[in-house]
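J.: Just the structure for this:
(one chain, ligands or ions: 1)
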Amino acid sequence: MSTMIFAAMDTTSNALALTLDLLAQHPDVQDKLRKEIVEARDGRDLPYDELVGLPYLDAVCRETLRLHDPVPLVFRETRNDIVLPLSEPIQGVDGSMMSEIPIPKDTAIMVGVMASNTSKTIWGDDAHEWKPERWLSPLPSAVSDAHIPGIYSHLMTFLGGGRACIGFKFSQLEMKVVLSLLLSNFTFELSDKPIMWNVAGVRALLNLRKLAQCSSVLICD
Ligand code: HEM
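T.: Residues are numbered from 1 along each chain as shown. Here you go, the predicted model:
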C-alpha cells in the first residue's frame, strides 16, 4: 500500500517543492534556469526531446535529487547468512579493522542512501553543497571509480537492482514539465515564515514496525 500511495506522488512532489525552495534561495540559479527555459520555449510548448535536452534544467534536477533525495534511506532484510564487502575498511568497536561484515539471516538493514549521494570521498569536499554546475562539466573520476550500483547518475536516489524505482524516468519528466511551466510564468522568493521539512512520514513508521520483527539490525551509513 505504501508503494502505491507514496512511491510516485509524495516522492516527486517533495522533490519539486525542494527544488522551488532551493531556486528561491539561489536567485542567480533561478534566473539562469528561467533564461534557458524561456529562450528554448520561444512562446510554445516544448516537445519531449527538447525539454529533456535542456542542460541546466537537467543539472538542477540531478543536483536536487542528489542532495535532497526524497527517499533518504531504504529498508532491507537478509533472507540468508551473507558477507557484506565494504568499499573501504572500517574500525570495529574493539579497535580492529574490517573490510567485510558477516550478516546473519533475518537481519534488518537500513541502507543510508544519502550517505552515498553526499560522500565527500566520492563527490569531493563540496558534496554537501547544492551546485547544479557540477553536472555541466565531467564529474570527478572518483565518482565513476566508485561504481555506484544505482540506476541514475551514479546516485542511489532511485536505488538499483531488481527492485529499483520503475518510475525514475517519468518522475524526471514530471519535474521538468512542472518546472518549465512554473518558471516561465512566476518568480519564486523566500517566504518570511520559516520552513520545516518533515521527512519522517508514514513510510518511516512502517519500516520501524518491520524492524521490530527482525532478530538484529544493521545500519549502513
Ligand atoms: C523523485 C521521485 C522518486 C524517487 C526519489 C523514487 C525512489 C524510489 C526508490 C528509492 C524505490 C525503492 C524503494 C525500496 O525498495 O524500498 C522506489 C520504488 C518504486 N518506485 Fe519510485 N521514486 C520516485 C518516483 C516514482 C514515480 C513517479 C513512480 C511511478 C510513476 C514510482 C514508482 C515506484 C514503484 C512502483 C516502486 C516499487 C518498485 C519495486 O518494488 O519493484 N516512483 N522508488
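J.: Have a look at the protein and report the helix or strand with the lowest mean pLDDT.
T.: Scoring the helices and strands of the chain by mean pLDDT, DSSP states H and E places helix 201-213 at the bottom, with a mean of 56.
J.: V83: neighbour count?
T.: V83 sits with 8 neighbouring residues when counted by other Cβ atoms under 10 Å. In short, each C-beta sits where N, CA and C put it, glycine included.
J.: Number of residues surrounding F188?
T.: 17.
J.: Which stretches in this structure count as helices?
T.: 2-5, 11-25, 27-41, 48-52, 55-67, 113-117, 120-123, 141-145, 168-185, 201-213 (DSSP state H).
J.: Same list (these) but as JSON lines, adding mean neighbour count.
T.: Below are the helices of the chain laid out as JSON lines (neighbours: other Cβ atoms under 10 Å):
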{"stretch": "helix 2-5", "mean neighbour count": "10"}
{"stretch": "helix 11-25", "mean neighbour count": "19"}
{"stretch": "helix 27-41", "mean neighbour count": "16"}
{"stretch": "helix 48-52", "mean neighbour count": "13"}
{"stretch": "helix 55-67", "mean neighbour count": "21"}
{"stretch": "helix 113-117", "mean neighbour count": "20"}
{"stretch": "helix 120-123", "mean neighbour count": "16"}
{"stretch": "helix 141-145", "mean neighbour count": "12"}
{"stretch": "helix 168-185", "mean neighbour count": "17"}
{"stretch": "helix 201-213", "mean neighbour count": "13"}
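J.: Pipe these into JSON lines and attach distance to G92 per row.
T.: Compiled in JSON lines, those are given as follows (distance: least, Cβ to Cβ, whole Å):
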{"stretch": "helix 2-5", "distance to G92": "34"}
{"stretch": "helix 11-25", "distance to G92": "35"}
{"stretch": "helix 27-41", "distance to G92": "43"}
{"stretch": "helix 48-52", "distance to G92": "46"}
{"stretch": "helix 55-67", "distance to G92": "30"}
{"stretch": "helix 113-117", "distance to G92": "18"}
{"stretch": "helix 120-123", "distance to G92": "20"}
{"stretch": "helix 141-145", "distance to G92": "26"}
{"stretch": "helix 168-185", "distance to G92": "36"}
{"stretch": "helix 201-213", "distance to G92": "22"}
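J.: The residue of the chain found nearest the ligand - nearest residue in space that isn't next to it in sequence?
T.: Of all residues in the chain, G167 sits closest to the ligand, at 2.1 Å by Cβ to the nearest ligand atom. In this structure, G167 finds its nearest non-sequential neighbour in A8, 5.4 Å apart by Cβ to Cβ, 6 or more residues apart in numbering.
J.: That neighbour against S171, yeah?
T.: Yes - between A8 and S171 there is a contact under Cβ atoms under 8 Å: 7.4 Å.
J.: and this protein, which of its residues are near the ligand?
T.: Counting by Cβ under 6 Å from any ligand atom, the chain comes close to the ligand at 3, 7-8, 11-12, 15, 70-71, 74, 157-159, 163, 165-167, 170-171.
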